[in-house]
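Trainee: Starting from these lines, generate the structure:
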Amino acid sequence: MDKKNKKTQICATCGKKLGFFKYQPIWTKKSFCSLKCLREDKRKNPKEERKMRSKGMIKEIKCECNQCGKVWHYLEEDEKKLRSQATNNALLGCSFCCNPIGALFSNKSIDLQRELDKMKKCPSCNSADITKTMIYHEKKT
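Mentor: Residues are numbered from 1 along each chain as shown. Take a look at the predicted model:
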């Protein structure tokens, strides 16, 4: 094969030339120079998101049910807090393995996980067939 006909590969996120070592997940045909670029590509608009956060805007998720048409909103921060609390409670429950208090933390973790699942389903028809869109708002003082 001629060197002229050989196609040079570039990173899909940052545009660097790729050498021998590259990241090419099986679910996409894109190639990346590092795991950092792969993670940034998974997010839709990382540059826009960083710009909005620097301006002090809040990210809200608008959900619309494709079955009944109901619309509801929640903050991304709330979802992250619930996820971290559920993980912390599960870890605390594991650390008290033979103690009855461990069951309390384990049950709290399960309850928080249920709340997370409720955010991802329609409140009226309980369908998981929803469309999510990201909306940015200014912080109100």
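Trainee: I figured Gln93 hits Ile110, correct?
Mentor: Just to correct that, residue 93 is Gly rather than Gln. No - the criterion here is C-beta atoms under 8 Å, and Gly93 misses it with Ile110 at 9.5 Å. (Each C-beta comes from the backbone N, C-alpha and C, glycine too.)
Trainee: More neighbours: these two, which one.
Mentor: Set Gly93 next to Ile110 and count neighbours by other C-beta atoms under 10 Å: Gly93 wins out with 20 against 13.
Trainee: For the more buried one, which three-state class applies?
Mentor: Applying DSSP: H, G, I helix; E, B strand; the rest coil to Gly93 yields a three-state assignment of helix.
Trainee: same check, this time on Lys132
Mentor: Per three-state DSSP, Lys132 ends up strand.
Trainee: Tell me where the model's unsure across the protein.
Mentor: Residues of the chain meeting the criterion pLDDT under 70: 1-8, 21, 23, 25-28, 40-55, 102, 141.
Trainee: Domain parsing of it, as residue ranges.
Mentor: 1-42, 45-138 (automatic domain parsing).
Trainee: which residues of this structure fall in strands?
Mentor: Under the criterion DSSP state E, the chain carries strands at the ranges 57-65, 71-75, 130-138.
Trainee: For Asn99, which of those strands is the nearest?
Mentor: Across these, Asn99 has its closest neighbour in strand 71-75 (34.6 Å, C-beta to C-beta).
Trainee: Now do that closest one: which elements does it pack against?
Mentor: Strand 71-75 sits against strand 57-65, with contacts defined as 3 or more C-beta pairs under 8 Å, 6 or more residues apart in numbering; DSSP states H and E.
Trainee: What are the buried residues along the strand it packs on?
Mentor: 60-61, 63, 65 (16 or more other C-beta atoms under 10 Å).
Trainee: now do stretch 87-96
Mentor: For stretch 87-96, by 16+ other C-beta under 10 Å, it's 89-90, 92-93.
Trainee: so which two of the residues you listed are the farthest from each other?
Mentor: Between all members of those, the farthest pair (by C-beta to C-beta) comes out as Ala90 and Leu92, at 7.4 Å.
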